[in-house]
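K.L.:
The following comprises the amino acid sequence and a computationally predicted model.
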Amino acid sequence: MGKQLYSAKRELFRDLLKQVRVDAGLTQMQLAQRLGRHQSYVSDYERRHRRLDWVAVDEALAACGGDLVRFAKNYAAAARSVPS
């Protein structure tokens with residue numbers, strides 16, 4: 001089986017990550033600049049065209065003033081109600 005880019009839990013994960021950016025008041029371009037990336041990098045993971053590892057997630061959260069542990073707890077709590 002190949003790697004899936006879509007599942008309900010992956011969608012939740014990316015939606016929560018996008019919400020951190022929005023709550024920080026950052027555009028995709030502003031976040032990309034903070035990460036030293038192109039805007040398309042942020043767009044691709046927010047549109048579910050790119051998978052992220054924990055290092056990339058931690059970098060994105062830090063650039064937004066977020067916290068990896070808090071994010072993981074929020075995801076875990078929300079994911080309990082999402083079917084596998």
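P.N.:
Good, I have the coordinates.

K.L.:
Quick one, grab the pLDDT at residue 4.
P.N.:
Per-residue pLDDT puts residue 4 at 58.

K.L.:
what's the longest helix in this protein?
P.N.:
helix 8-23 (DSSP state H).

K.L.:
Counting by contacts, list what that helix packs against.
P.N.:
helix 39-46, helix 54-63, helix 68-79 (3 or more CB pairs under 8 Å, 6 or more residues apart in numbering; DSSP states H and E). Backbone N, C-alpha and C define where each C-beta goes, glycine included.

K.L.:
Go ahead and name everything in contact with it.
P.N.:
With CB atoms under 8 Å, 6 or more residues apart in numbering as the test, helix 8-23 has contacts from 4, 28, 31, 42, 45-46, 48, 52, 57, 60-61, 64, 66, 71, 74-75, 78-79, 82-84.

K.L.:
Also stretch 66-75?
P.N.:
Residues outside stretch 66-75 that contact it (CB under 8 Å, 6+ apart): 12-13, 16-17, 20, 24, 54, 57-58, 60-62.

K.L.:
list the buried ones in that stretch?
P.N.:
Counting neighbours by 16 or more other CB atoms under 10 Å, one finds that the buried residues in stretch 66-75 are 66, 71, 75.

K.L.:
Can you read off the pLDDT for the residue nearest the centre of the chain?
P.N.:
Taking CA atoms, centre = their mean, the centroid of the chain lies closest to residue 17, which sits 3.2 Å from it. pLDDT, residue 17: 97.

K.L.:
and it, how far is that from residue 32?
P.N.:
For residue 17, the distance to residue 32 (CB to CB, to the nearest Å) stands at 14 Å.

K.L.:
cool, and residue 54?
P.N.:
The spacing between residue 54 and residue 32, counted by CB to CB, is 19 Å.
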